[in-house]
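Pasting a predicted model and its sequence here:
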Amino acid sequence: MKSPLKILAAVASAVVIFEFSLQAIGKLALLDEMQVQFEDITGSRFPVPLTLALGVADVAGVAATVRGFRNPRWGVAAGAYFTLWTGVLLTFQLARGNGGMLLFRGALFFTSAALLLITRTIQLTRTRNTPTTALAG
């Protein structure tokens with residue numbers, strides 16, 4: 001039976017992978033919807049180079065999240081990036097008085113990123129504290 005921690009880590013990872021894969025595609029393709037979304041959240045449009053750089057960072061974060069299933073260090077790195085990024089966006093949303101579905105989505109993705117960071121950090125700590133056994137023979 002899977003531990004609740006592994007299940008929670010997998011669910012948080014799945015939400016992060018799904019959301020930020022779509023975000024990366026939108027940013028790298030310079031979709032107008034992404035610019036509108038940023039404008040709704042921050043009050044201004046991001047310059048194209050920044051949008052592309054964030055798209056590349058999202059791709060790297062998604063890849064690290066996937067890699068985190070095998071090696072929690074990668075999940076911790078991805079979780080730290082996504083928690084920081086979604087925290088900044090959530091701060092903008094709260095400062096601008098955003099509400100409704102836009103704020104709900106921001107809180108959902110921040111929570112998923114934070115859970116990814118927390119669960120993978122716990123897994124990493126447990127991995128480091130587990131004594132290794134010598135291979136026989």
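Nice, thanks for sending it over.

Quick check, central residue of the chain?
Phe82 (3.5 Å; CA atoms, centre = their mean).

Can you tell me the element it falls in?
helix 72-96 (DSSP states H and E).

returning to that earlier point: now do the contacts for the closest residue in space to the residue nearest to the centre of the chain that isn't next to it in sequence.
Excluding its sequence neighbours, the residue lying closest to Phe82 (CB to CB, 6 or more residues apart in numbering) is Ala113, at 3.6 Å. Yep, even glycine has a C-beta here, placed from its N, CA and C like the rest. Shown in contact with Ala113 (CB atoms under 8 Å, 6 or more residues apart in numbering): 12, 16, 79, 82-83, 85-86.

could these go into JSON lines alongside pLDDT and distance to Lys6?
Supplementary listing: the contacts of Ala113 in JSON lines, determined by pLDDT from 0 to 100; distance: CB to CB, whole Å:
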{"residue": "Ala12", "pLDDT": "95", "distance to Lys6": "11"}
{"residue": "Val16", "pLDDT": "97", "distance to Lys6": "16"}
{"residue": "Gly79", "pLDDT": "97", "distance to Lys6": "15"}
{"residue": "Phe82", "pLDDT": "98", "distance to Lys6": "19"}
{"residue": "Thr83", "pLDDT": "98", "distance to Lys6": "20"}
{"residue": "Trp85", "pLDDT": "96", "distance to Lys6": "25"}
{"residue": "Thr86", "pLDDT": "96", "distance to Lys6": "23"}
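
which pair in those spans the largest distance?
The span of these, defined through CB to CB, is set by Ala12 and Trp85 at 15.1 Å.

Only the C-alpha atoms, please, for stretch 2-20, written as PDB.
Taking C-alpha atoms only, stretch 2-20 is exported to PDB below (Å, rounded to 0.1, in the frame of the first residue of the first chain):
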ATOM      1  CA  LYS A   2       1.300   3.400  -0.900                       C
ATOM      2  CA  SER A   3       1.900   5.800   2.000                       C
ATOM      3  CA  PRO A   4      -0.300   8.900   2.200                       C
ATOM      4  CA  LEU A   5       2.800  11.100   1.700                       C
ATOM      5  CA  LYS A   6       3.600   9.400  -1.600                       C
ATOM      6  CA  ILE A   7       0.000   9.800  -2.800                       C
ATOM      7  CA  LEU A   8      -0.100  13.500  -1.800                       C
ATOM      8  CA  ALA A   9       3.300  14.000  -3.500                       C
ATOM      9  CA  ALA A  10       2.000  12.300  -6.700                       C
ATOM     10  CA  VAL A  11      -1.300  14.400  -6.700                       C
ATOM     11  CA  ALA A  12       0.600  17.700  -6.100                       C
ATOM     12  CA  SER A  13       3.100  16.700  -8.800                       C
ATOM     13  CA  ALA A  14       0.300  15.900 -11.300                       C
ATOM     14  CA  VAL A  15      -1.400  19.200 -10.800                       C
ATOM     15  CA  VAL A  16       1.800  21.100 -11.100                       C
ATOM     16  CA  ILE A  17       2.800  19.100 -14.300                       C
ATOM     17  CA  PHE A  18      -0.600  19.700 -15.900                       C
ATOM     18  CA  GLU A  19      -0.900  23.400 -15.100                       C
ATOM     19  CA  PHE A  20       2.700  24.400 -15.800                       C
END
